[in-house]
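S.K.: got a sequence here, can you build the structure:
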Amino acid sequence: MKDVENNSSNQQSDIKKSDNSKVDDTVRVSTTTIIPKPIKTVWVFCVENHVINHPKWDEDIKLEKIGSGPIRIGTKIRRTNTRYGKKVVGTQTVIGLEKYKSVTFEIVEGPSKSRGSMIFKAIDSNNTKLTSTFEAPGDSGMDKHKDLIDQMLARSGKNIKELLEE
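M.R.: Numbering: from 1, shown residues only. Below is the predicted model of the structure:
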């Protein structure tokens with residue numbers, strides 16, 4: 001694992017690059033953040049209140065839930081991505097969910113399909129390890145953007161941590 005330097009000081013941050021690879025023609029980028037909050041607090045913020053909070057940790061994404069009820073497998077969310085100065089409207093669907101452990105979304109933006117996941121692990125009763133992963137098919141062209149995606153995931157992890165520390 002490589003530490004990512006915190007730009008505001010010379011200290012190392014709690015955000016780690018855990019994987020930045022291409023396996024079986026799949027582009028995979030992953031970061032890990034240690035959050036000084038109990039796993040339930042992190043889970044509720046990131047998953048149960050995903051539609052409200054995702055735009056807080058990633059300002060390029062706006063979300064709107066399609067339908068009602070709690071986040072569960074099959075939940076569809078309309079997303080508007082304004083990253084790269086271009087507005088792209090798509091959907092994300094919950095395709096995996098294990099309470100207090102993991103959530104996985106399939107993301108469709110135009111012809112592009114990818115997956116985003118978050119894995120939650122309690123380090124102890126007051127600290128949570130959050131690993132965020134982005135995956136896309138090798139032919140999606142995302143391999144050219146691995147470093148940028150890695151930076152965005154690290155920024156999101158840092159923002160989640162800061163928002164939960166407020």
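S.K.: ok, W57 - contacts?
M.R.: Residues near W57 by C-beta atoms under 8 Å, 6 or more residues apart in numbering: S156, N159, I160, L163. For every residue, glycine as well, the C-beta is placed using N, CA and C.
S.K.: rounded mean pLDDT for the helix or strand containing K146, please.
M.R.: With elements taken from DSSP states H and E, the one containing K146 is helix 146-165. The predicted model assigns helix 146-165 a mean pLDDT of 91.
S.K.: buried residues in that helix, which are they?
M.R.: 146, 149-150, 152-161, 164 (16 or more other C-beta atoms under 10 Å).
S.K.: then stretch 123-130?
M.R.: N127, T128, K129, L130.
S.K.: ok, and what's touching that stretch?
M.R.: With contacts defined as C-beta under 8 Å, 6+ apart, stretch 123-130 is touched by 32-39, 41-42, 46, 118-122, 157, 160.
S.K.: and the residue nearest the centre of the chain, what does it touch?
M.R.: In the chain, the centroid-proximal residue (C-alpha atoms, centre = their mean) is S132; its distance is 4.7 Å. Residues in contact with S132, defined by C-beta under 8 Å, 6+ apart, are S30, T31, T32, T33, G116, S117, M118, L153, S156, G157.
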